[in-house]
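1. when you get a sec, could you give me coordinates for this:
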Amino acid sequence: MILSHLHTLADRIIALPVFARAGLAWLAGSLMALTMAPTSWWVLLFPCLSLFYMTLTGARTWRDATLIGWAFGFGFFLFGLFWISNALLVPGNPFKWVWPLAIAGLPIALAFFTAASSWIVWRFANLKKWDGFVFFCAIIIAGEYARGHILTGFPWNLYAYAWAGTLPMAQTAALVGPYGLSLITLIWAALPGFLVIARFKKTTTAAILIAIVISMMALYGWGAARLHTHPTQFADNAPAIRLIQPNIPQADKWDPEKTSLNLQKLIDGLTANPPVTDRPVIAVWPETAISTRLLSIPDVRMAITSSLQLMGRDPLLLSGILIREGNETPSYGNSLVAFDRDLQPLARFDKAHLVPFGEYIPLQSILPITPFVQFSGFTPGPGPQTLTLPGLKSVVPPFSPLVCYEIIFPGAVTDDEERPAWIVNVTNDGWYGNSPGPYQHLAQTMFRAIEEGLPVVRSANNGISAIIDPYGRILTRIPYDKPGSVDVILPADTPNAPFYVVWRNAPVVILLVLIILCCAIRRRL
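-> Numbering: from 1, shown residues only. Purely as a prediction, here's the structure:
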C-alpha cells in the first residue's frame, strides 16, 4: 500500500511543470543544509536527495535538467553558507554594500557545479535504470570534487560532513576520505528515490532497502569498534598545549585604541593556568593575534616574554601573526610563527591557500579593486610544510601549521614527503558571529584529524577552539564567544597512517572514472 502511494507521488512529481519541479528541488536543497553542522540532521539526506533524484528524472530537456540541478544547489548553498555575508556587517567595514552579493552571489556560483552535473546526467543517463542511477551518483560526486579543486577550490559542506555528529560513521573517512564517504552517502540517500521510480518487485525493493540498512550498520559498527579499540593515547614525553581563546570582538581587533586591551587578553591567557613543571608547555594564540609592528615595541616584547616564562618548563609560543615586510611597497603575510621563551622566532609558515576577494584579488591586474581586509593583498606561502623546531625535536614533535580555512582542503593539509605528528590550525571565525560557520569549520577540522590520523590543535579568536584526537574525538573545546585558556596534553597520532593518507583521493577518482566510462560504453552498446 505504501509503495503504491509512493509510485503515485513519484508520477505526479515527474509530471509537474519544470518550474514546479525546480521549486521542489530548491526545497530539497534548502532542507539538506540542515544535515550540516551545527544541526547535523543526517536523516534528512534521504528525503532530500531522493526528491532531487525524482525531480531530475522528470527533466525533458537539457534546460530542465540544468535548472533543476541549479535550483537544488542554490537552496543547499544559500542556507548552508548564508553566514559568510556576516563578515561584511562588522562595524566599520566599508564594504557593507557588497552584502547582497555575498549572501546570494556565492550560492549562485556554486550551484552551477550541481547544474553542470545534472546536465551531464540528463545527457547520458536514463535515470529509471540501474546504470543511470550509478551514473548519477558518480557525476554528482565528480561535480563535488570539481568544486573542491577548480580555481582555488571550495570543498565546504561536502555530503560526507552530514556525519560530523555521528563519529562512528565519520571513521569511514580514514579509509576513503570525504569524497569516498560522500559517494557512499549519496548512494544510500538517493537509492530510495530510484527504487520508487524504477518500480521493482516488492521483494526486490525490500531486499535492496534491507541491504542499505545492513551496509549502514556495518560501517557504523566498524567505526564504533575502531573508536572502542583505539582510546586516546598520550606519549610519556608529550608536551602540554595551552590553548588560548582571547575572544576579541572583530570590530575591536584592529582598533588602535583597543590595542593594549586586546594584547592584555592574549597575555592573560598565558598565565591563566598554573605553571606546567613536569613537561614542556606550548601556548597557542589564534590567527593574526599579533603583528610585526606590535612586536617591534620593546615594552610589548617584555610583557609577552615575562608572562611566557611564567608558564613553566620549556615554554614556547605558536602564534598567528600579521607580517609586514618592506616600506615603500610593503608585502603582507598571514603567518604562523613559533617563538622560544625569549620571543625569538624559531620557524615561520605563511598561509598558502588565500581567501579569494578577502586576502587577494584573482586577476588583480584586470580587476582594479582591493581585498575586503583593507590591505593590498597577502603574499601566499609555498604550501603544506612540516615544521621541526631547531634543537627542539625531542621537545616539540614536528607539526603541520595551517592558517584559517586551509584546514578545509582534504588531502592538502600535510606534507606527504615528511609526515608530521600533529596539526596546528590557527583561525579567526569572529567575522561570522555565532552562526553555523564556526561549527561547520570545526566539523571539517574533525574530519581532517580522522583522515590524517593526527591530533589537531585549533586556536580560534572567538571560537570554537578545540583539541581533537586522531579519531575525531574533541578532548576539550572553548565555546564560541567565550574567553578561555585550557591545558591539555598533546595526544599521540595513530600507530599507522590511515589508508586515506597512503592513497589520498586516487581510489575514488579512479572509481568515478571507471563508472562513468562503463556507463558511457553501455549506453553506446
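2. contacts and neighbour counts: CA atoms only from here.
-> Will do.
3. averaged over its residues, which helix or strand of the chain has the lowest pLDDT?
-> Least confident helix or strand of the chain, by mean pLDDT, DSSP states H and E, is helix 2-15 with a mean of 86.
4. so how far is that helix off the chain centroid?
-> Distance of helix 2-15 from the chain centroid (CA atoms, centre = their mean, to the nearest Å) equals 37 Å.
5. just stretch 283-290 next, same as before
-> With CA atoms, centre = their mean, you get 20 Å for stretch 283-290.
6. who touches that stretch?
-> Stretch 283-290 has contacts (CA atoms under 8 Å, 6 or more residues apart in numbering) with 241-245, 263, 266, 270, 315-322, 334-336, 403-404, 426-428, 459-461.
7. what is the subsequent helix or strand relative to the least confident helix or strand of the chain?
-> Later in the chain than helix 2-15, the nearest helix or strand by DSSP states H and E is helix 18-32.
8. that next one to helix 2-15, inter-axis angle?
-> 120 degrees (axes from the mean of the first three to the mean of the last three CA atoms, to 10 degrees).
9. and the angle for whichever helix or strand comes after helix 18-32 with helix 2-15?
-> For helix 18-32, the following helix or strand on the C-terminal side (DSSP H and E) is helix 45-57. Helix 45-57 runs at 50 degrees relative to helix 2-15, counting by the same axes, to 10 degrees.
10. for helix 45-57, packing partners?
-> For helix 45-57, the packing partners by 3 or more CA pairs under 8 Å, 6 or more residues apart in numbering; DSSP states H and E come out as helix 2-15, helix 18-32, helix 62-81, helix 173-198.
11. most packed of those?
-> Of all those, helix 62-81 carries the top mean neighbour count, a mean of 25, counting by mean count of other CA atoms under 10 Å.
12. and it, how far out from the chain's middle?
-> 21 Å.
13. which helices and strands does that helix pack with?
-> In terms of contacts (3+ CA pairs under 8 Å, 6+ apart), helix 62-81 is packed against helix 18-32, helix 45-57, helix 99-124.
14. would you mark the buried spots in the helix ranked longest in the chain?
-> Across the chain, the longest stretch assigned as helix under DSSP state H is helix 202-229. Buried positions in helix 202-229, judged by neighbour count with 16 or more other CA atoms under 10 Å: 205, 209, 212, 216, 219, 220, 222, 223, 224, 227.
15. helices and strands around that helix, which ones?
-> Here helix 202-229 touches helix 167-170, helix 173-198, going by 3+ CA pairs under 8 Å, 6+ apart.
16. report all helices and strands that the shortest one contacts.
-> Spelled out, that is helix 167-170. Packing partners of helix 167-170 (3+ CA pairs under 8 Å, 6+ apart): helix 202-229.
17. what sits up against the helix or strand following the helix it packs on?
-> Going down the chain from helix 202-229, the next helix or strand is strand 240-245, by DSSP H and E. Strand 240-245 is contacted from outside by 266, 269-270, 276, 279-286, 457-463, 465-466, 478, 482-490, using CA under 8 Å, 6+ apart.
18. next step: those restricted to helices.
-> Counting by DSSP H, these contribute 266, 269, 270 to helices.
19. quick one: pLDDT of the closest residue to residue 500 other than its chain neighbours?
-> Sequence neighbours aside, residue 175 is the residue nearest to residue 500 in space, at 5.1 Å (criterion: CA to CA, 6 or more residues apart in numbering). Turning to residue 175, the model gives it a pLDDT of 98.
20. domain-wise, how is this protein divided?
-> If you go by automatic domain parsing, the domain ranges for the chain are 2-230, 240-493.
21. adding distance to residue 510, write those out as CSV.
-> As requested, the domains of the chain are exported to CSV (distance: least, CA to CA, whole Å):
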stretch, distance to residue 510
domain 2-230, 11
domain 240-493, 16
